[in-house]
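Student: need a 3D model of the following:
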Amino acid sequence: MHISIKGRKWAVIFCPLKDIPMKNGETLLGLCDYDNKTIFIADTTHGEERLATLTHEVLHAVDDKLTEKRVKDLANGVARALWKLGYRRIES
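Tutor: Next comes the predicted model:
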């Protein structure tokens, strides 16, 4: 799947958790690869957790200057609001 972020084409890949590199010894549910314009999301995530993870990584792609805390706060707030409004991923 591809999406456009700030006029650039990014790939979004849902992959096994083991395929997402660890960061500082921590298992990640998502990763934003700036060099390859690719967002990786663990295929073990579902529902609101997947929405929050995807939102988190998209925010990193939108602005790589945001702190991790700011991205986390924004992503959780946006995902929670969208989830309450009924936004869901339709499996194809």
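
Student: please make it C-alpha for all contacts and neighbour counts, starting now.
Tutor: Noted.

Student: so what's the residue most central in space within the chain up against?
Tutor: In the chain, the residue lying closest to the centroid (C-alpha atoms, centre = their mean) is residue 54, at 2.5 Å. Listed by C-alpha atoms under 8 Å, 6 or more residues apart in numbering, the contact partners of residue 54 are 30, 41.

Student: at 7 Å what do you get?
Tutor: By C-alpha atoms under 7 Å, 6 or more residues apart in numbering, the residues touching residue 54 are residue 41.

Student: tell me if it really is in a helix.
Tutor: Yes. Per DSSP: H, G, I helix; E, B strand; the rest coil, residue 54 lies within a helix segment.

Student: residues in contact with stretch 34-44?
Tutor: 10-17, 20, 29-33, 54, 57, 61.

Student: which among these end up buried?
Tutor: When the contacts of stretch 34-44 are checked for burial by 16 or more other C-alpha atoms under 10 Å, the buried set is 10, 12-15, 17, 20, 29-32, 54, 57, 61.

Student: which of those residues fall within strands?
Tutor: Taking DSSP state E as the definition of strands, the buried ones among the contacts of stretch 34-44 contribute 10, 12-15, 30-32.

Student: and those, which is closest to residue 1?
Tutor: If you rank these by distance to residue 1 using C-alpha to C-alpha, residue 12 comes first, at 5.4 Å.
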